[in-house]
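# my questions are about this predicted structure, shown below with the sequence.
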Amino acid sequence: MFNTYQTDDYGFAASTNELGIWQHCIQKYFNWGGRYFAFSLNAFNPAGNLSLNWLPKAFPMFLWGNLIFGFFLNFQRYFNLNNSQAVKKSFIAFLFYTVVLASLSEHYFWLTGAIVYQLPHIFGLYFLYILGIKKTNLLLEILKYFLIFAMMGSNEIVALFLLLFLIFQFYKNLNKDTFSQFVFGLIFFCFTFFAPGNFVRMGDEETDFWMSNLKKIAVAIANAVYVLLKVGLIIPLFIAVFQAEILKIKQQFSVKDLWKFQMMLMVVLAFTGFIMVASERSLEPILIFALLSTSVLVSQYFNKIKKLWMVSLALIFIPSIMLFPYKSIYFNLNYNLNEIGEELISTDLQKFENEIADRHETLRTSKSKEVGLKPIKTVPKILYFDELGTVNNRNYVNSQLKAFYKKKSVFIEN
């Protein structure tokens, strides 16, 4: 209830206000990246509209409801659970989803970020549900292809997972439907990955062939270690909680198929090295997929590991641990529950919201083209927030607020 618009919310709103929705989308595609669907949705971000200040508070709850409902539909469809059982398992799945996230604030509480990082997972749940319906109709078929279109244009990692899944589905069921889904997905996968903006953002690569590839290998290995560690520590608890569902998955898929799912994971991890992705939030689709696929495979060979569920349960409450704090923030081992507790107990969230409101009131009413602002003193742990830079050390937030409020300069006073 204290969430507010932040950073890119104002950046997208400023761009749309200046260029219009169509030109904004074209500009993003050619200069920033291929997330055509996410960028199009974010073009409608109403940051700065006082009558819609409720949206950052309501939107996370709307997405949570859809996420839980997506779990509910799939538990009923694929595991034949009754309503009460499906509701219970859906909330537990939502808890695991929350625990495995690498950046809770960006995934849940940042409007722009939620559309890129959370919404594609919700689409994925609905897509899986529709695939399980044997007798479909025209509306469901249209929805199925729309979901492929939307996921391909929202998040590159999700897009790659989806393409690999469509290949696997076509391999398992050679028919016109699976072939058309694969071709349709491949077209928009290429549209996303070969967007001119992706190459603009990549910039100049390392000229030394060996050094360039060593760096890529190092990033892929680092990401794999992080994913393995974070997911591996909670696998016993996941297997213990979902042992009936995991058993049914093992009955539906051969061991070879289970290893193919694991190979998908390895391919995506290798891809993160190739494009030099070193960001917590970008690894979240991998963490979620790894928790499910690795748990099923571990259960196949080491099912007794579920007896260690109490150890996993204790670990999810540990405080955040920076494994390599001076190197890269994405090696932050954090299961979020500890920070949620700290936030609710110690952070004056109403004061945070008031400070943000005062800041934007100053920006709206100030006639000066250069505006110095007081720093936000109440900084949340979970709600998304990134501070402005000083006059001598400006960052992207300065640029976004400057553009939105049409100022010459916006900065934090020393």
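That came in fine, so what should we check first?

# so which residues make contact with stretch 169-177?
The contact list for stretch 169-177 (CB atoms under 8 Å, 6 or more residues apart in numbering) reads Leu131, Thr178, Phe179, Gln181, Phe182, Asp257. For glycine as for every other residue, the C-beta is placed from the backbone atoms N, C-alpha and C.

# so which helix or strand takes in the last one?
When elements are assigned from DSSP states H and E, Asp257 belongs to helix 255-274.

# go on, the fourth one?
According to DSSP H and E, Gln181 maps onto helix 176-193.

# go through that helix and flag the buried ones.
Residues Thr178, Gln181, Phe182, Phe184, Gly185, Phe188, Phe189, Phe191, Thr192, Phe193 are the ones in helix 176-193 that count as buried (16 or more other CB atoms under 10 Å).

# next: stretch 56-72.
For stretch 56-72, a neighbour-count test (16+ other CB under 10 Å) marks Pro56, Phe59, Pro60, Leu63, Trp64, Asn66, Leu67, Ile68, Phe69, Gly70, Phe71, Phe72 as buried.

# same check on stretch 33-44?
Buried residues in stretch 33-44, defined by neighbour count with 16+ other CB under 10 Å: Gly33, Gly34, Arg35, Tyr36, Phe37, Ala38, Phe39, Ser40, Leu41, Asn42, Ala43.

# and Val371, which of the three is it?
Of the three states, Val371 takes strand under DSSP: H, G, I helix; E, B strand; the rest coil.

# look up how far Ile412 lies from it.
Using CB to CB, to the nearest Å, we find Val371 at a distance of 10 Å from Ile412.

# model confidence over the helix holding Gln181, on average?
Mean per-residue pLDDT for helix 176-193: 96.

# same question for stretch 347-367.
91.

# number of nearby residues for the closest residue to Leu233 other than its chain neighbours?
In space, Leu233 comes closest to Leu315 once its chain neighbours are excluded; the distance is 5.2 Å by CB to CB, 6 or more residues apart in numbering. Leu315 is surrounded by 15 other residues when neighbours are defined as other CB atoms under 10 Å.

# cool, and Phe96?
Using other CB under 10 Å as the criterion, the residues surrounding Phe96 number 20.

# lowest average confidence, helix or strand, in the chain?
Using mean pLDDT, DSSP states H and E, strand 321-322 stands out as the lowest-scoring helix or strand of the chain, at a mean of 78.

# show me what the following helix or strand past that one packs onto, helices and strands only.
Scanning the chain past strand 321-322 towards its C-terminal end, the next helix or strand to appear is strand 332-333 (assignment: DSSP H and E). Using 3 or more CB pairs under 8 Å, 6 or more residues apart in numbering; DSSP states H and E as the contact criterion, the secondary-structure elements in contact with strand 332-333 are strand 321-322.

# so how far is the strand it packs on off the chain centroid?
Using CA atoms, centre = their mean, to the nearest Å, the distance from the centre of strand 321-322 to the centre of the chain it belongs to is 21 Å.

# list the helices and strands that strand packs on?
Strand 321-322 is packed against strand 332-333, with contacts defined by 3+ CB pairs under 8 Å, 6+ apart.

# the strand it packs on pairs with which strands?
Taking DSSP bridges as the criterion, strand 332-333 sits next to strand 321-322 (antiparallel) in its sheet.

# can you pull the pLDDT of Phe39?
94.

# so it: helix, strand or coil?
Taking three-state DSSP, the label given to Phe39 is helix.

# not counting sequence-adjacent ones, nearest residue to it?
Take Phe39 and drop its neighbours on the chain: the residue closest to it by CB to CB, 6+ apart is Lys28, 4.4 Å away.

# now do the helix or strand where that neighbour lies against helix 176-193, angle only.
Under the assignment given by DSSP H and E, the secondary-structure element containing Lys28 is helix 21-31. Between the axis of helix 21-31 and that of helix 176-193 there is an angle of 80 degrees, by axes from the mean of the first three to the mean of the last three CA atoms, to 10 degrees.

# buried residues, helix 21-31. List them.
Applying a neighbour-count criterion of 16+ other CB under 10 Å, the buried positions in helix 21-31 are His24, Cys25, Lys28, Tyr29.

# now tabulate those in a markdown table and tack on pLDDT and distance to Lys307.
As requested, the buried residues of helix 21-31 are arranged in a markdown table below (pLDDT from 0 to 100; distance: CB to CB, whole Å):
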| residue | pLDDT | distance to Lys307 |
| --- | --- | --- |
| His24 | 92 | 54 |
| Cys25 | 93 | 52 |
| Lys28 | 93 | 50 |
| Tyr29 | 94 | 51 |
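
# columns distance to Phe289 on top of the residues you listed, output as TSV?
Compiled in TSV, those are given as follows (distance: CB to CB, whole Å):
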residue	distance to Phe289
His24	32
Cys25	29
Lys28	27
Tyr29	27
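
# give the full set of residues in contact with Asn31.
So, once contact is read as CB under 8 Å, 6+ apart, Asn31 ends up touching Pro196, Gly197, Val200.

# which strand or helix spans the closest residue to Glu280 other than its chain neighbours?
Nearest in space to Glu280, with sequence neighbours left out and distances taken as CB to CB, 6+ apart, is Ala102 at 3.6 Å. If you go by DSSP H and E, Ala102 is not part of any helix or strand.

# quick check, Leu308 in contact with Pro236.
Yes. When contacts are counted by CB atoms under 8 Å, Leu308 is listed as touching Pro236 (4.0 Å).

# in terms of neighbours, single out the busier of these two.
For Leu308 versus Pro236, neighbours defined as other CB under 10 Å are more numerous around Pro236 (24 against 15).

# check which helix or strand covers that one.
With elements taken from DSSP H and E, the one containing Pro236 is helix 235-241.

# check the burial of Ser346 by counting its neighbours.
Residues lying near Ser346 (other CB under 10 Å) number 8.

# ok now do it, which residues does it touch?
Residues in contact with Ser346, defined by CB under 8 Å, 6+ apart, are absent; none qualify.

# repeat that with 10 Å
By CB atoms under 10 Å, 6 or more residues apart in numbering, the contact list for Ser346 reads Lys381.

# Val268 now?
Here Val268 is in contact with 156-158, 160-161, 164, 220, 223, 227, 283, 285-286, 289-290 (CB under 10 Å, 6+ apart).
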